[in-house]
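> structure, please.
(one chain, ligands or ions: 1)
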Amino acid sequence: MGEISSQALEGLRHKIDEVDQELLHLLRRRLDLVADVGAIKHKEGVPIYAPAREASMLAKRRAEAEAMGVPPQLVEDLLRRMMRESYVSEKDVGFKRIATDIGPVVIVGGAGKLGSLFAQLFTLSGYEVRILDKEDWGDAETLCAGAGAVVISVPIALTEAVIARLPPLPPECVLLDLTSVKQAPLAAMLKVHAGPVLGLHPMFGPDVSSLAKQVVVVCHGRQEQSYQWLLEQIRIWGARLHEAPAAEHDQAMQLVQAMRHFTAFVYGVHLKREHADLEQLLQFSSPIYRLELAMVGRLFAQDPALYADIIFAQPDALARARHYLARYQEALAMLERGDKAAFCAEFDEVAHWFGDFAEQFRSESANMLMVANDGRVG
Ligand SMILES: O=C(O)C(=O)C[C@]1(C(=O)O)C=C[C@@H](O)C=C1
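Residues are numbered from 1 along each chain as shown. Predicted coordinates:
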């Protein structure tokens, strides 16, 4: 059934259509300007992401919006969304090539999703890219001959074996990996190659449209000076580099990745065994539950082996999971006793421990929830 509308309403809607069309023309103009910015950045080697420019632009537009009676958050949301579009369009122009005098970049596992993304980024930056995938080991020596960098991008469980299988590399070649764990691959690379060695962990999946604002963890191996070009190249792609010792990285990942995925896995198992009707749950769901369900559900749209690798590769995964289970059991005991006071006391202690982060997370998530709700149809 069509929506009921009066003539007055129709007239106003017509005017709104005109305003939205004007907005379209303005967006087109902005996209054209951004394309010109992209061309200059490509030539001059300026990073895609310009945080200082973004901060000053947002502050000015917010103040102007306020003075005009336009909600500042509305303007900020629109600008952020437009800038996300800029990252993609500026990426497609290509990037300045930082190291002009190095040999080809060989990507071991370059036919995989993450490997393909890096192959694309190196190609967009003017490097010769060679792919060494499963079926190419017979040609490994030829492919690696004269290489300026060899990038290992294979499943975690295979990383060390693949590194051990590499042919001898040129002494100045940078050997690096993109694995989610860092200590074991770094040790393996340092063992087989006497030249520059670097461990990277891109903290994003292969489906990102650009590296702008993404984080890449850097674990130094050997001869840092010899791979500064590569770090600079990644900065130009838009990513933020976070340096950390490999052991510290692996420990943090245990909590950020392994535990997180493990609990999401258990929650998925629980929903299935309880015969949850997802269609029905979505009908009842608030934005936060929808988001939570999406975070759990997206796990099961991906490769089980990848998640098994991330969880099982952590040396102390079992001990940590046992600690988690013990905490769950403690909480369960409160529930059995009907001890609300104990629950609230523990809650307060955790809130105190979160400190200012609790409020920060509340306001950050409020915005995310609104965006999640915008995408809802019906
Ligand atoms: O001004 C720039 O450097 C741009 O690339 C343009 C733009 C924008 O869309 O306004 C996009 C990305 C930057 O992080 C900042 C601003």
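> name the SS class of V216, please.
For V216, the secondary-structure state derived from DSSP: H, G, I helix; E, B strand; the rest coil is strand.
> run a quick neighbour tally on it.
V216 is flanked by 19 other residues according to other Cβ atoms under 10 Å. (C-beta placed from N, C-alpha, C; glycine too.)
> now it: how far from the ligand?
V216 sits 17 Å away from the ligand when distances are taken as Cβ to the nearest ligand atom, to the nearest Å.
> kindly report the same for D136.
Taking Cβ to the nearest ligand atom as the measure, D136 and the ligand are separated by 38 Å.
> hmm, that residue is touching L143, no?
Yes - with the criterion set as Cβ atoms under 8 Å, D136 and L143 qualify as a contacting pair; they are 6.5 Å apart.
> you'd agree H242 is in a helix?
No - checked against three-state DSSP, H242 lies outside a helix; its state is strand.
> what sits against it?
Contacts here follow Cβ atoms under 8 Å, 6 or more residues apart in numbering; on that basis H242 touches 215-218.
> what parts of the stretch 1-150 of the chain come near the ligand?
Those residues of the stretch 1-150 of the chain that sit near the ligand, judged by Cβ under 6 Å from any ligand atom, are 34, 37, 49-50, 53-54, 82-83, 86, 90.
> show me where the chain has its strands.
With DSSP state E applied, the chain shows strands at 105-108, 129-132, 149-152, 174-177, 197-202, 215-222, 240-243, listed in chain order.
> mean pLDDT for these - can I get that in CSV?
Listed next are the strands of the chain as CSV, based on pLDDT from 0 to 100:
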stretch, mean pLDDT
strand 105-108, 98
strand 129-132, 98
strand 149-152, 98
strand 174-177, 98
strand 197-202, 98
strand 215-222, 98
strand 240-243, 97
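> and of those, who's closest to I310?
Smallest distance to I310 across those (Cβ to Cβ): 11.1 Å, for strand 197-202.
> so what strands line up beside the closest one?
Paired with strand 197-202 in the same sheet, following DSSP bridges, are strand 174-177 (parallel), strand 215-222 (antiparallel).
> just say which of those is most tucked in.
Burial among those, expressed as mean neighbours by mean count of other Cβ atoms under 10 Å, is greatest for strand 174-177, which shows a mean of 27.
> what comes into contact with that one?
Strand 174-177 has contacts (Cβ under 8 Å, 6+ apart) with 148-153, 159, 163, 166, 169, 185-186, 189, 192-193, 195-200, 221, 226-227, 230.
> over to stretch 297-308?
Stretch 297-308 is contacted by residues 155, 157, 261, 264-265, 268, 278 when judged by Cβ under 8 Å, 6+ apart.
> ok, the residues you listed vs E76, which is closest?
Comparing the contacts of stretch 297-308 against E76 with Cβ to Cβ picks out A264 as the nearest, at 30.6 Å.
> in the stretch 151-300 of the chain, which residue sits nearest the ligand?
A212 (6.7 Å; Cβ to the nearest ligand atom).
> now do the chain
When distances are taken as Cβ to the nearest ligand atom, the chain reaches nearest to the ligand at S86, 3.4 Å away.
> can you pull out the low-pLDDT segments for this protein?
Under the criterion of pLDDT under 70, the regions of the chain flagged as low confidence span 1-2, 377-378.
> ok, the closest residue to D207 other than its chain neighbours - contacts?
If you skip the residues right next to it in sequence, D207 has K113 as its closest partner in space, 7.7 Å away by Cβ to Cβ, 6 or more residues apart in numbering. Contacts for K113 (Cβ under 8 Å, 6+ apart) come out as 205-207.
> would you map the helices across the stretch 151-300 of the chain?
In order along the chain, the stretch 151-300 of the chain carries the following helices (DSSP state H, counting those that start in this stretch): 156-165, 183-192, 228-236, 246-253, 260-273, 278-284, 287-299.
> specify the angle between the top helix by length along the chain and helix 228-236 in degrees.
Of all the segments of type helix in the chain, defined by DSSP state H, the longest one is helix 7-44. Helix 7-44 and helix 228-236 meet at an angle of 170 degrees, taking axes from the mean of the first three to the mean of the last three Cα atoms, to 10 degrees as the criterion.
> mind listing what's buried along helix 7-44?
Of the residues in helix 7-44, those with enough neighbours to count as buried (16 or more other Cβ atoms under 10 Å) are 34, 37-38, 41-42.
> now swap in stretch 314-332 and tell me
Buried residues in stretch 314-332 (16+ other Cβ under 10 Å): 314, 317, 320-321.
> and it, how far out from the chain's middle?
A distance of 26 Å separates the C-alpha centroid of stretch 314-332 from that of its chain, computed with Cα atoms, centre = their mean, to the nearest Å.
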